[in-house]
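J.: Let me see the structure of the following:
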Amino acid sequence: MRLSKPLRATILAILSAMMALVFAAPVSASTPTPPFTQCPAVGLDTSCAILIVVEPGGSLVSYTDPSQGPFDGIEDTLIGVQNDSKSTVTKIALQGTTFPGIFEFDGDGLCSGFNESGEEGEGGFNPPPAGCPFGPTTYEGPGTSFTIVNGNEGEVNFTEGGLAPGKSTYFSLEGAISLTCKEELCTGEEPKEEASETTLTTSLSGGGQEGEEITVPAGTAVTDQGTLSGENVSTAVGTVSYSVYSDPECSKLVANAGTVKVSEGEVPPSEPQTLSTPGTYYWQASYSGDAANEPSVSECGTEIEVVTGLRGSFVIGDKGAALGASVSFWDAQWRKLNPLSSGIAPASFKGFAASPPSVTCGTSWTADPGNSTPPPAGPLPAYIRVIVASKIGQSGSTISGNTLHVDLVKVNPGYSPNPGHSGTGTIVSQIC
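T.: As a prediction, the model looks like this:
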């Protein structure tokens, strides 16, 4: 069937629009990780040594691949630029603190063809990247030019209409340098000869608890806080990523809790995570490292969140609620085993408060007599939060009491919802 000329034109326009959608470069909001393939192989480098990212808000941030040294084997640095913003970028300002300066080019840039391949000093010379030369100095990359104020100050210009959103390019600078980008300026410095080791430790907080191991009811928001230490940590930049796993080997991911930027060694907290399925979860944090600080990861299995399915709380008396004390939080003879500082509990109270589902210090609670609430089926989690009460009374069929403290109890085996099968354990900490 022969198509009419107007119909062919319409079909071609639709196909062109579809192809444009398929091949349009997406704007990436994820944190880049080496290798930075925005650069081709040049000399001894197989990819960018440094990547500058224009973030969605327009500010600049830099990332370093420690495996990529000077591409000439001596002193020159290969740099990529990725535009993750929604606007076209026309230039980036650069400053250096090195001698010679980052713009004091000596003729062996990425397009010079004088850059050794293979092991340093062996293997001859790599041909320059396709399309070279891109400018008069041999240091330019595709669609770039330099405006040089002096040896350590200038701009990288993006020609041909600028660097569009989602696009990337590359260039080179004089010297073996590291880059620190902030807002709209990148500063180049000589990298330290050797990055120092770092240690990343973490602490969880949520539901009134804080520490390496916490127990919270299902639906409680929990946040992780990383702390970085090391010889050069006061100048540390880069990122810390937080993750939650369901196994102590940290291989089964449950949730990503966000990636935060490190500034002068300060690590922001994770995004809060609310887990609704009872169980044991393992948090881990990972530091990206920078030119002066090695990457590090917190030890898996040392930071544990226990999520309980309990709705309601077991209760103990305040006079026996010392740290390390053995307690009975569920028993047919509860009032004999749990003395109160304000009188004695009703005989019908066996140790479980049903309402509200979760309490905090200073709130009151209610319970039904005996096991008519009913209490949760066993087995209980390894750790539970219990109310520490100093006063319990009864009016009709309603038992009520106060919450003097909330303690964390490590549970012993043997519990059953029948009050003839005691629930016992040891107080390990006071939550509030």
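
J.: What pLDDT does the model give the residue lying closest to V254 once chain neighbours are set aside?
T.: Sequence neighbours aside, V244 is the residue nearest to V254 in space, at 4.6 Å (criterion: CB to CB, 6 or more residues apart in numbering). C-beta here means a position set from N, CA and C on the backbone, and glycine is covered the same way. V244 carries a pLDDT value of 95.

J.: so A285 touches T239, yeah?
T.: No - checked against CB atoms under 8 Å, the pair A285 and T239 is beyond contact range at 10.5 Å.

J.: Quick check: neighbours shared by the two?
T.: By CB atoms under 8 Å, 6 or more residues apart in numbering, A285 and T239 have no common neighbours.

J.: that older thread, mind listing what the residue nearest to V254 touches?
T.: L253, V254, A255, N256, A257, Q273, L275, Y281, Y282, W283, E305.

J.: Who has more neighbours out of A285 and T239?
T.: The neighbour comparison of A285 against T239 (other CB atoms under 10 Å) goes to A285, with 24 against 19.

J.: which SSE is that one in?
T.: In the assignment (DSSP states H and E), A285 maps to strand 279-287.

J.: cool, R335 as well?
T.: Per DSSP H and E: helix 334-337 holds R335.

J.: Quick one: residues contacting the residue lying closest to A332 once chain neighbours are set aside.
T.: Leaving aside its sequence neighbours, A332 sits nearest to P419 (CB to CB, 6+ apart; 4.2 Å). P419 makes contact with W330, D331, A332, W334, K350, G351, G370, N371, according to CB under 8 Å, 6+ apart.

J.: The fourth one and S348 touch, don't they?
T.: Right, the one you point to is W334. No - with contact defined as CB under 8 Å, W334 does not count as touching S348 (9.5 Å).

J.: Looking only at neighbour counts, state which of the two leads.
T.: Ranked by neighbour count (other CB under 10 Å), W334 and S348 place W334 first, with 26 against 15.

J.: What residue, apart from its backbone neighbours, is nearest that one spatially?
T.: G351 (4.5 Å).

J.: Distance of that neighbour relative to H405?
T.: Using CB to CB, to the nearest Å, one gets 16 Å for the distance from G351 to H405.

J.: Check the closest residue to S416 other than its chain neighbours and give its pLDDT.
T.: Here the nearest residue to S416 in space, its sequence neighbours aside, is G378; by CB to CB, 6+ apart that works out to 5.4 Å. G378 carries a pLDDT value of 75.

J.: now do the one 4 residues further on
T.: Reading off the confidence values, A382 has pLDDT 77.

J.: what do you get for the one 10 residues further on?
T.: Model confidence at I392, expressed as pLDDT, equals 95.

J.: For it, give the beta-bridge partners.
T.: Beta-bridge pairing of I392 under DSSP bridges involves G401.

J.: looking at it, the residue nearest to W334 is touching G423, isn't it?
T.: Yes - in this structure, G351 is within contact of G423 by CB under 8 Å, at 7.0 Å.

J.: Residues that sit against both of the two, list them.
T.: Common contact partners of G351 and G423 (CB under 8 Å, 6+ apart): F314, S328, F329, W330, D331.

J.: I'd assumed P376 was in contact with the fourth one.
T.: No - under the criterion of CB under 8 Å, W330 is not in contact with P376, lying 9.8 Å apart.

J.: Can you pick out the residue with more neighbours from the two?
T.: Taking other CB under 10 Å, W330 and P376 do not tie; W330 has more neighbours (28 against 20).

J.: can you pull the contacts of the closest residue to that one other than its chain neighbours?
T.: Nearest residue to W330 in three dimensions, chain neighbours excluded: G423, at 3.2 Å (CB to CB, 6+ apart). Residues near G423 by CB under 8 Å, 6+ apart: F314, S328, F329, W330, D331, G351, L380, V411, G414, Y415.

J.: mind listing what the fourth one touches?
T.: Counting by CB under 8 Å, 6+ apart, W330 makes contact with F314, K350, G351, F352, P375, Y415, P419, S422, G423.

J.: Tell me the pLDDT of it.
T.: 93.

J.: if I look at it, how far off is L337?
T.: Taking CB to CB, one finds W330 at 10 Å from L337.

J.: Same check on the third one?
T.: As judged by CB to CB, F329 and L337 stand 9 Å apart.

J.: domains of this protein?
T.: 25-189, 198-308, 313-430 (automatic domain parsing).

J.: one step back: can you tell me the strand partners of the next helix or strand after the strand holding A285 and which way each runs?
T.: As assigned by DSSP H and E, the chain's next helix or strand after strand 279-287 is strand 296-297. Partners of strand 296-297 in the sheet, by DSSP bridges, are strand 279-287 (antiparallel).

J.: Now the strand it pairs with: buried residues?
T.: T280, Y281, Y282, W283, Q284, A285, S286, Y287 (16 or more other CB atoms under 10 Å).

J.: So for the first one, what's the nearest residue that isn't a sequence neighbour?
T.: It stands for T280. V306 (5.4 Å).

J.: now the angle between strand 279-287 and the helix or strand that contains the one you found, please.
T.: Using DSSP H and E, V306 maps to strand 304-308. If you take axes from the mean of the first three to the mean of the last three CA atoms, to 10 degrees, strand 304-308 sits at 150 degrees to strand 279-287.

J.: Alright, calling it a day.
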